[in-house]
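**Student:** sharing a model prediction with you, sequence too.
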Amino acid sequence: MQSVPVIPESAPFTLEQRAWLNGFVAGLLSRGPVNPIAAGAAAPAKETLRPLTILFGSQTGSSESLAKLAAKEAGKHGFAAIVMDMVKFSIAKLAQEKNVLIITSTYGDGDPPDNAKALHTALHAPDAPRLTGLRYSVCGLGDTNYIQFCQCGKNFDAQLEKLGATRASARVDCDLDYEAKFATWLKAALAALGSTEATAAAETQSEISNLKSELSSPATGHGRKNPFPAPLLCSRVLNASGSAKEVRHVEFALEGSGLVYETGDALGVFPQNSPELVAELLTTFGCDGEEAVPVPNGSTTSLRHALTAHYDLGKPSPELVSRFAAPTSGGGATTATVVLHLIDVVLARPETRLAPVDFVRLLRPLQPRLYSISSSLRAHPGQVHLTVGAVRYEAHGRARHGVCSTFLADRCTPGSVVPVYLHSNRAFKLPADPAAPIIMVGPGTGIAPFRAFLQERRAIGAKGKNWLFFGDQREATDFLYRDEFLAWQRDDHLARLDLAWSRDQAEKIYVQNRMIEQAAELYAWLEAGAYFYVCGDASRMAKDVDAALHKVVERAGGKSAAQAADYIQSLQAAKRYARDVY
């Protein structure tokens, strides 16, 4: 069967025009009736199409990709589906809708993604309209390693119901392995919203399996389910001697992979657990490591290899905590609820012996880690570079190590092969116009995508001005990529380079302080069409930078707080304010 070409978002068409063209091409290919409004395959003849709006809230592109796949699937089942970015969708428009699917990620401490903030705020406003004519279902994407798991999806679900909308099918909260849950949710949601009778059997397990397969397998080549074994080219420390940090520059070879990335994308890395931690668990359970156990992909391997490469030995699952928990004499709190890692839970009750097969069934799958790519493919053909901060600390009397960061730092040497895949980040791209100015704020390892941006702009001969805010603890030891950035400053590829060192003086100075110091010029750049980018820590830095940006617009633009908020929202809607925060 021929695949239906999709008009790319970058094409100069409105959403409605693009949907019409997609339906028209689908009709030509199928030689069936043409559906001029559905974004998926042509609908069966003599069928009344149900309107369906699919809204996505996405920071890195995952929700957007799933929304487009949902539209394609809906088109097969009697819906005229359109996909909308939440940043372009008002609550007044939502009040006019009949059928809506919401697919949204969660960012930071339970926050909505940037493109969902305005709609999220409007829904929770005291004057939010009643939505009694709306039927909806919500799919939340998240990571159970975060306390506020899928909180944004939960908020949308609860508030829509509070405003009188009807929940057509139950919300689903998806972890990093979302394929099965998403596929089942989508089939249930489409059925609840009124799939046509001819396709009401879409709930069959075979169709769900087909959709899961489409979700998890790339059309061609390597992806998350089929990672590329990338040879490590180099791993070197960027900090000078005496630094309190260990940040590494890591390079992988991509020759022969067929992988092509754009600046702003991320690289997924599949790590392995520490051999010492694995050995400690084996000793605790009295195992030799050769016991046969199942792994998440359905195969069987040795217990040692399963604990090394397939299961998460960090945050314990609730089921494991419950199994090992020891109630106190007064009931309630347990010794296991206050610890951070699986090893703490196990060592707190070493007398709790489980068969290896039963033990691994209580473990979460070991997930890949995403790192912002710090190179341009044009500048470094056949390579991909990362900027990785090694995580090391002590808690509860034990040394702790970041799983992937110390895997790369301590156990990978040149020639080591590491499974990797590319993760597209559609929301964090350079301007289409190379003459547009850009402002980049990236302290610490947040510098990664901006090294890539500057390499790319140099490689394509972009004429737009570049301004970088960078900072860390000490200039002498923590000026990452010092020689590259100073060279770019000398030849004016960097029109401005503002630096902030928090420990070089009594008063701590951060990138947000430098922004406010340069408020007049920063605002002038924005007025001249500059794009504003932020990369780094979501919990504090990104929020402080956002607050500083509001203050810059207020002071330099002579605006009230409300006017500044509207100004910044307009930047986000125009995709001129983008964040890659974690």
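**Tutor:** Right, received. Where do you want to start? Numbers count the residues shown, from 1 in each chain.
**Student:** state the distance from S58 to Y510.
**Tutor:** 28 Å (C-beta to C-beta, to the nearest Å). Glycine gets a C-beta too; all of them are placed from N, C-alpha and C.
**Student:** and the two? Which one has more around it.
**Tutor:** Higher neighbour count among S58 and Y510: S58, with 26 against 19, using other C-beta atoms under 10 Å.
**Student:** I figured the more buried one hits S424, correct?
**Tutor:** No. S58 is beyond contact range of S424, at 11.1 Å (criterion: C-beta atoms under 8 Å).
**Student:** burial count for F56?
**Tutor:** 29.
**Student:** that one reaches T104, doesn't it?
**Tutor:** Yes. Between F56 and T104 there is a contact under C-beta under 8 Å: 6.7 Å.
**Student:** return every residue with contacts to both of those two.
**Tutor:** When contacts are counted by C-beta atoms under 8 Å, 6 or more residues apart in numbering, F56 and T104 are jointly contacted by 63, 86.
**Student:** what residues does stretch 385-399 touch?
**Tutor:** Residues outside stretch 385-399 that contact it (C-beta under 8 Å, 6+ apart) are 238, 245-252, 267, 269, 339-341, 343-344, 371-375, 400-402, 404-406, 408-409, 444-445, 447-448, 451-452, 480.
**Student:** just those: which are in helices?
**Tutor:** 343-344, 404-406, 408-409, 448, 451-452 (DSSP state H).
**Student:** pipe the residues you listed into CSV and attach neighbour count per row.
**Tutor:** Output for those, formatted as CSV (neighbours: other C-beta atoms under 10 Å):
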residue, neighbour count
I343, 19
D344, 18
C404, 23
S405, 23
T406, 19
L408, 22
A409, 21
A448, 28
R451, 27
A452, 27
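**Student:** any chance of the residues you listed in TSV, plus pLDDT and distance to T387?
**Tutor:** Converted to TSV, the ones in helices among the contacts of stretch 385-399 look like this (pLDDT from 0 to 100; distance: C-beta to C-beta, whole Å):
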residue	pLDDT	distance to T387
I343	93	29
D344	92	31
C404	97	13
S405	97	11
T406	97	15
L408	98	11
A409	97	12
A448	98	4
R451	98	7
A452	98	10
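**Student:** between those, which is nearest K429?
**Tutor:** Distance to K429 across the ones in helices among the contacts of stretch 385-399 (C-beta to C-beta) is lowest for A452, with 11.1 Å.
**Student:** who are the contact partners of that closest one?
**Tutor:** A452 touches 263-264, 372-376, 385, counting by C-beta under 8 Å, 6+ apart.
**Student:** most neighbours of all these, which one?
**Tutor:** Neighbour counts for those peak at S372, which has 29 neighbours (criterion: other C-beta under 10 Å).
**Student:** and the gap between the residue nearest to that one when sequence neighbours are not counted and F470?
**Tutor:** Distances taken as C-beta to C-beta, 6 or more residues apart in numbering put A448 closest to S372, at 4.2 Å, once the chain neighbours are dropped. Distance of A448 to F470, computed by C-beta to C-beta: 11 Å.
**Student:** so what's in contact with these two at the same time?
**Tutor:** G442.
**Student:** what separation do you get for the closest residue to L259 other than its chain neighbours and C535?
**Tutor:** Once flanking residues are discounted, L259 sits nearest to L422: 5.4 Å by C-beta to C-beta, 6+ apart. As judged by C-beta to C-beta, L422 and C535 stand 18 Å apart.
**Student:** the two: which is more packed in?
**Tutor:** More crowded of L422 and C535, by other C-beta under 10 Å: C535, with 27 against 24.
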